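Engineer: structure, please.
(one chain, ligands or ions: 2)
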Amino acid sequence: MPFGTRRSLLMSEDLSRGDGLSTRVIAVSSGKGGVGKSNVVANLAVALTRVGKRVLILDADLGLGNLDVLLGLVPQHTIEDVLRGTHTLDEIVLSGPAGIHVLPASSGVARLTALTEAQQVMIQEQLAQLTSEMDVLLIDTGAGISPNVTFFASAADETIIVVSPEPTSLTDAYALIKVLARQYRERRFKVLVNQAKSPREAAEVFGKLDVAVDHFLHVAVELIGAIPYDDYVHLAVMQQKALCELFPDAPAAQAFRRLAHQVIQWPRPGLPKSSIQLVWQRAVTPASN
Ligand SMILES: Nc1ncnc2c1ncn2[C@@H]1O[C@H](COP(=O)(O)OP(=O)(O)OP(=O)(O)O)[C@@H](O)[C@H]1O
Ligand SMILES: [Mg+2]
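Structural biologist: Ligands and ions are numbered 1, 2, ... in the order given. Okay, here's the model as predicted:
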């Protein structure tokens, strides 16, 4: 059920558990579609709430959003309504499983694939209000190298690039990293290998990307983990529930928990990692901080 007002969001009891640190913004991106970003976002969110973090998900796959479907939520309103000016972000927040908060996107709206600068600013400003109550903002950017993907990826503190073992996933991840490095001067990327059949395969997949990126783009990629191929993921998707909720002992669910434990230990990045992040930080960090 959507929160009616920002007041109800602020008063929500489960929002009083934060550690007082400012919100960490993590974008989850990929070059190729269908590699598992939305499942990573949904399950990392659930796993983070299990360790006491307050998590907000932004479905930034604005024209083809489906996190609501993945989590069995039925939004009355979406970010499209916010961009149209009829609603604010805090009015469209949904309450998801395990106490996560979800900002749903619309589906089938082609004009939302490239936000205008004014729309970007509006989203940033409204996010600043919401994220002051959150420990982590997880952004599902959608796939590819479109302006929305690169905007949200570069605006975050950290960008997790999800790759699968398919060769096309690697070449497309390389293309995304290239755009982020050249256009936004991004220098560091975290890589998560999804759907690997073994730890060895995950290491090989990462190794290929690492060599290419290092040699041709001169940027650093870091392997942050591997989520194994797991049939339970598909079963959870079919039931529109997060794997970590439905099958907490499944191999992939265990890997998501390990990832969450790692994420909460990441040091806060000292410097903005991209050229537009300074602007974003001004928007999401209260002036008093
Ligand atoms: N670890 C995994 N093991 C097995 N299947 C998986 C795994 N991760 C994802 N999948 C399968 O891949 C499908 C696509 O996943 P998901 O929707 O999360 O990808 P996506 O990257 O968000 O796609 P899009 O680019 O279209 O938004 C899932 O429906 C699921 O069936
Ligand atoms: Mg998706």
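Engineer: which bits of the stretch 1-150 of the chain sit near ligand 1?
Structural biologist: Contact residues (C-beta under 6 Å from any ligand atom) of the stretch 1-150 of the chain with ligand 1: 30, 33, 34, 35, 36, 37, 38, 39, 61, 142, 143. Quick note: C-beta positions are derived from backbone N, CA and C, even for glycine.
Engineer: neighbour count and secondary structure added to these, as a markdown table?
Structural biologist: As requested, those are arranged in a markdown table below (neighbours: other C-beta atoms under 10 Å; DSSP: H, G, I helix; E, B strand; the rest coil):
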| residue | neighbour count | secondary structure |
| --- | --- | --- |
| 30 | 28 | strand |
| 33 | 13 | coil |
| 34 | 12 | coil |
| 35 | 26 | coil |
| 36 | 22 | coil |
| 37 | 25 | helix |
| 38 | 24 | helix |
| 39 | 26 | helix |
| 61 | 27 | coil |
| 142 | 26 | strand |
| 143 | 22 | strand |
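Engineer: for the protein, what lies in contact range of ligand 2?
Structural biologist: Residues of the chain found near ligand 2 (C-beta under 5 Å from the ion) are 37, 38.
Engineer: can you give me the strands in the chain?
Structural biologist: 24-30, 55-59, 94-95, 101-103, 136-143, 158-163, 188-196, 220-228 (DSSP state E).
Engineer: residue 208: which of the ones you listed is closest?
Structural biologist: strand 158-163 (9.4 Å; C-beta to C-beta).
Engineer: and that closest one, how far out from the chain middle?
Structural biologist: Mean C-alpha position of strand 158-163 versus that of the full chain (C-alpha atoms, centre = their mean, to the nearest Å) differs by 9 Å.
Engineer: and for that strand, what's in contact with it?
Structural biologist: Strand 158-163 has contacts (C-beta atoms under 8 Å, 6 or more residues apart in numbering) with 24-31, 35-37, 40, 153, 169-170, 173, 176-177, 180, 186, 189-194, 205-206, 209, 221, 224, 266, 269, 273.
Engineer: please enumerate the helices of this structure.
Structural biologist: Assigned by DSSP state H, the helices in the chain fall at 6-11, 37-50, 67-70, 79-84, 89-92, 117-131, 147-155, 167-184, 199-212, 231-238, 243-246, 251-263, 277-284.
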